[in-house]
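# turn this into a model:
(2 chains)
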Amino acid sequence: MKKIKRMAGLTVLNLIFIIICLLALIPILYAVSLSFCNGGSGLSSDLSFWPKDPTWKNYSAILVEEPFLLWLKNSAILSVGTMIAAMGTAVTAAYAFSRYRFKGRNGVLQALLILNAFPQILSMFAIFRLFKTFHLLNSYLGLIIVYAGSMCIFSIWNMKGYFDTIPVEIEEAARIDGAGSGQILMKVVLPLARPAIIVTSVMVLIFVWNEYLFSTTFMMNEGSYTLAAGLYQLQTSDYSRSWPLFSAAAILVSIPILIVFFCIQKYMVSGLTAGGVKG
Amino acid sequence: MKNRQKLRPWIYSLPALTLVGLIVVFPILYTGYISLTNMNLYHWDNYELIGLDNFQRALLKVDSGFLKALLTTVLWTVFNMVIQVVLAFFIALGLNVREMKLARVYKTLLMFPWAMPAYVSILLWRVGMFNTEFGFLNKILLSLGLGKMNFLSENVPAFLSCMVLNLWMALPFMIMMMDGALQSVDRSYYESARLDGAGFWKQCRYITVPAIRPILLPSVIMTTFTTFKQFDIVYLLTMQKGSLSGATLQTIITYAHQNAFVSNNYGLSSAVSIVIFGFIIVFSLFTNRGVKEEG
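Have a look, this model is predicted:
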């Protein structure tokens, strides 16, 4: 009797979870189904998820007719540029904050934490005005340094947490063998920290890939749209015709992020909490 | 030699600190300066210092809209956090029932909303779910024999729609954190509690919650910050340039953004930004201390 009750409870629980998963997936599945729609059939009012005559038309249209590849190129330039700028400056800084005890260390770390909590949208106008004066609007460089500034803070905290876990003894051993500070950093610490560096870099890439506000505000000509800006523009203009097209583009943009996310998801959780709040 | 040793950490961190100083700190200071001026579209170059007038206007005049936005933001944060923590707690409990063989599958599926780029999710909800023409929610309403509904045209439905979307986007993270915390609870506590005759609710209250509280606190605080700072959902759903949905919902961040980039009240917008930054500093000092005492 008890066993039957237990089984019934488990079945109900599984049912609940199937419903929850459906709720989580329906918006995405609906977009997938929309992206295979042929023209107006998405506008029909039945609840079916299977488009009437599925077609790849929207995907080929996005790749051929819309400047999707150009957006992709722009996003790639910005992501890689930001990654180089942010990581290049953050790695040594994170190492310094992890290994050296110096005056002002705690103050700077606390300040960085508070700056990290500051939403950059709030100073967007000030940056906009400054960039206008220095002719940095509509330029990759301008956007890259905006992204790199905020990502640098994040990367310092994220990697400092990892450097803290590398035993100092390894470095001391290298020092006894006669290695200088620079050599230790390049030849001992960085190779050891490779997983952290890779994960942090990927998070920087994802951030830039997903950013739309600064890229739509600071890049005003169509030739320099990023994927985010392009998508944004697809859903504002060309009213009803472009919904299937927009869905196809949205799916295309999301797939690489989904793949990367599920590859590094394990690190994502620990990195977020370690870098986010630890005082 | 001694001096060089002392300078080394500064040399290592100089490039990063320069970058942060130029692109993060300086614009904040500049925002502070703008907040003291009457800079707007007509006074782009010939603005003048007007002292604290902008702050007065934002904080003391009810019709400036800031106080209303602040109230909305507080309600938004409280509702979202309470619902999120409670739902995530029960879902994670469900995932940790011992005989759940499919828990891993569910977990992977539930992660999708978190993995999607946020702005893509929001636009997909706008296009696919809330759309008045063929949005999924309206299709459901129609098939139930009800009329179509414009979810985003009035404030209350728009607020609830934004909240549903925020929960959809934010719950996976909270569930995973809860799940991780629950797995760290020693099962033997439950066994002895059961021997003592404690039911499900008593076990939750006296074992589960106290055990996971310290582990969860950092992620709950972090999520509270992100919820408080949430901009994208309200902005992309209801106030996109050229396609306003009709709702006049404002959080403090959208309020600051709108004053800077739509109504061109740069001085007022900057004053609001500084006030918000003040809140954030107070919050984070407060919570940092709380976390340390707790741990």
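# contacting residues for residue A:192?
Contacts here follow Cβ atoms under 8 Å, 6 or more residues apart in numbering or on different chains; on that basis residue A:192 touches A:166, A:170. All C-beta atoms are positioned from the backbone trio N, CA, C, and that covers glycine.
# 6 Å instead, please
Going by Cβ atoms under 6 Å, 6 or more residues apart in numbering or on different chains, residue A:192 touches residue A:166.
# for the residue in chain A that chain B sits nearest to, which residues are in contact?
The nearest approach of chain A to chain B comes at residue A:149, 3.2 Å away (Cβ to the nearest Cβ). Residue A:149 sits next to B:19, B:20, B:23, B:24 when contact means Cβ under 6 Å, 6+ apart.
# can I get those residues in CSV with secondary structure?
Below are the contacts of residue A:149 laid out as CSV (DSSP: H, G, I helix; E, B strand; the rest coil):
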residue, secondary structure
B:19, helix
B:20, helix
B:23, helix
B:24, helix
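# among these, which one has the most neighbours?
residue B:20 (26 neighbours; other Cβ atoms under 10 Å in any protein chain shown).
# model confidence for that one, exactly?
Here, the pLDDT recorded for residue B:20 equals 95.
# from residue A:145, how far off is it?
11 Å (Cβ to Cβ, to the nearest Å).
# please apply the same query to residue B:125.
On the measure of Cβ to Cβ, residue B:125 and residue A:145 end up 32 Å apart.
# if you count surrounding residues, which of those two has more?
Just comparing residue B:125 and residue A:145: by other Cβ under 10 Å the higher neighbour count belongs to residue B:125, 27 against 21.
# how about the nearest residue to that one, chain neighbours excluded?
residue B:165 (5.2 Å; Cβ to Cβ, 6 or more residues apart in numbering or on different chains).
# quick check: buried residues in the strand or helix carrying the one you found?
Using DSSP states H and E, residue B:165 maps to helix B:155-183. For helix B:155-183, the neighbour count (16 or more other Cβ atoms under 10 Å in any protein chain shown) marks B:158-159, B:161-182 as buried.
# how about the residues of the stretch 51-200 of chain A near chain B?
With Cβ under 6 Å from any Cβ of the partner chain as the criterion, the stretch 51-200 of chain A comes near chain B at residues A:89-90, A:92-93, A:96, A:100, A:102, A:114-115, A:117-119, A:121-123, A:125-127, A:145, A:149, A:152-153.
# quick one, which of these are buried?
Counted by 16+ other Cβ under 10 Å, those give A:89-90, A:92-93, A:96, A:102, A:114-115, A:117-119, A:121-123, A:125-127, A:145, A:149, A:152-153 as buried.
# dump the C-alpha coordinates for stretch A:3-13 into PDB.
Once non-C-alpha atoms are left out, stretch A:3-13 reads as follows in PDB (Å, rounded to 0.1, in the frame of the first residue of the first chain):
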ATOM      1  CA  LYS A   3       4.600   1.500  -2.200                       C
ATOM      2  CA  ILE A   4       1.700   2.300  -4.400                       C
ATOM      3  CA  LYS A   5       1.300   5.600  -2.700                       C
ATOM      4  CA  ARG A   6       4.900   6.300  -3.200                       C
ATOM      5  CA  MET A   7       4.700   5.400  -6.900                       C
ATOM      6  CA  ALA A   8       1.600   7.600  -7.400                       C
ATOM      7  CA  GLY A   9       3.400  10.500  -5.800                       C
ATOM      8  CA  LEU A  10       6.400  10.000  -8.000                       C
ATOM      9  CA  THR A  11       4.300  10.000 -11.100                       C
ATOM     10  CA  VAL A  12       2.600  13.200 -10.100                       C
ATOM     11  CA  LEU A  13       6.000  14.700  -9.400                       C
END
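# now it, how far from the centre of its chain.
For stretch A:3-13, the separation from the chain centroid amounts to 41 Å (computed by Cα atoms, centre = their mean, to the nearest Å).
# same deal with stretch A:204-220?
That offset, for stretch A:204-220, works out to 10 Å (Cα atoms, centre = their mean).
# okay, how far is it across that stretch, tip to tip?
23 Å (Cα to Cα, to the nearest Å).
# residue A:163 contacts residue A:98, correct?
Yes: counting by Cβ atoms under 6 Å, residue A:98 is a contact partner of residue A:163 at 3.6 Å.
# in the helix or strand residue B:270 falls within, what counts as buried?
Here residue B:270 is covered by helix B:266-294, with elements defined by DSSP H and E. Across helix B:266-294, burial judged by 16+ other Cβ under 10 Å covers B:266-277, B:280, B:283-284, B:287-288, B:291.
# check stretch A:133-150 too.
Within stretch A:133-150, judged by 16+ other Cβ under 10 Å, the buried ones are A:136, A:137, A:142, A:143, A:144, A:145, A:146, A:147, A:148, A:149, A:150.
# which of those residues fall in helices?
Counting by DSSP state H, those place A:142, A:143, A:144, A:145, A:146, A:147, A:148, A:149, A:150 in helices.
# give me the most central residue, chain B.
residue B:227 (1.5 Å; Cα atoms, centre = their mean).
# one step back: how about the buried residues of stretch A:133-150, which pair is most distant?
Greatest spatial distance in those: A:137 and A:150, 18.2 Å, computed using Cβ to Cβ.
# what's the angle from the helix or strand containing residue B:221 to helix B:266-294?
Using DSSP H and E, residue B:221 falls within helix B:209-228. Counting by axes from the mean of the first three to the mean of the last three Cα atoms, to 10 degrees, helix B:209-228 lies at 170 degrees to helix B:266-294.
# what average pLDDT does helix B:209-228 get?
Mean predicted lDDT for helix B:209-228 stands at 88.
# thinking again about what came up before, list the ones among the residues of the stretch 51-200 of chain A next to chain B that fall in strands.
In strands, judged by DSSP state E, none of these are found.
# have a look at chain B and report the helix or strand with the lowest mean pLDDT.
Taking mean pLDDT, DSSP states H and E as the measure, the helix or strand of chain B with the lowest value is strand B:243-244, at a mean of 74.
# now that one, how far from the centre of its chain.
Using Cα atoms, centre = their mean, the offset of strand B:243-244 from its chain centre is 23 Å.
# between the helix or strand harbouring residue B:29 and helix B:266-294, how big is the angle?
Element membership for residue B:29, per DSSP H and E: helix B:26-34. Put simply, helix B:26-34 runs at 130 degrees to helix B:266-294, going by the same axes, to 10 degrees.
# other SSEs contacting the helix or strand just after helix B:26-34?
Tracing the chain past helix B:26-34, the next element assigned as helix or strand by DSSP H and E is helix B:53-60. Under the contact definition 3 or more Cβ pairs under 6 Å, 6 or more residues apart in numbering or on different chains; DSSP states H and E, helix B:53-60 sits against helix B:266-294.
# redo that, cut-off 10 Å
helix B:66-95, helix B:252-261, helix B:266-294 (3 or more Cβ pairs under 10 Å, 6 or more residues apart in numbering or on different chains; DSSP states H and E).
# okay if I get the ones you listed as a markdown table plus distance to chain A and mean pLDDT?
Shown next, in a markdown table, are these (distance: least, Cβ to the nearest Cβ, whole Å; pLDDT from 0 to 100):
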| stretch | distance to chain A | mean pLDDT |
| --- | --- | --- |
| helix B:66-95 | 6 | 95 |
| helix B:252-261 | 4 | 91 |
| helix B:266-294 | 4 | 82 |
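# how about these, which one is nearest residue B:7?
That would be helix B:266-294 among the helices and strands packed on helix B:53-60, by Cβ to Cβ, at 29.3 Å.
# and that closest one, how far from the chain's centre?
For helix B:266-294, the distance to the chain centre is 14 Å (Cα atoms, centre = their mean).
# can you check stretch A:12-23 too?
With Cα atoms, centre = their mean, you get 29 Å for stretch A:12-23.
# likewise stretch B:131-150?
Distance, centroid of stretch B:131-150 to centroid of chain: 29 Å (Cα atoms, centre = their mean).
# now do the same end-to-end measure for that stretch.
8 Å.
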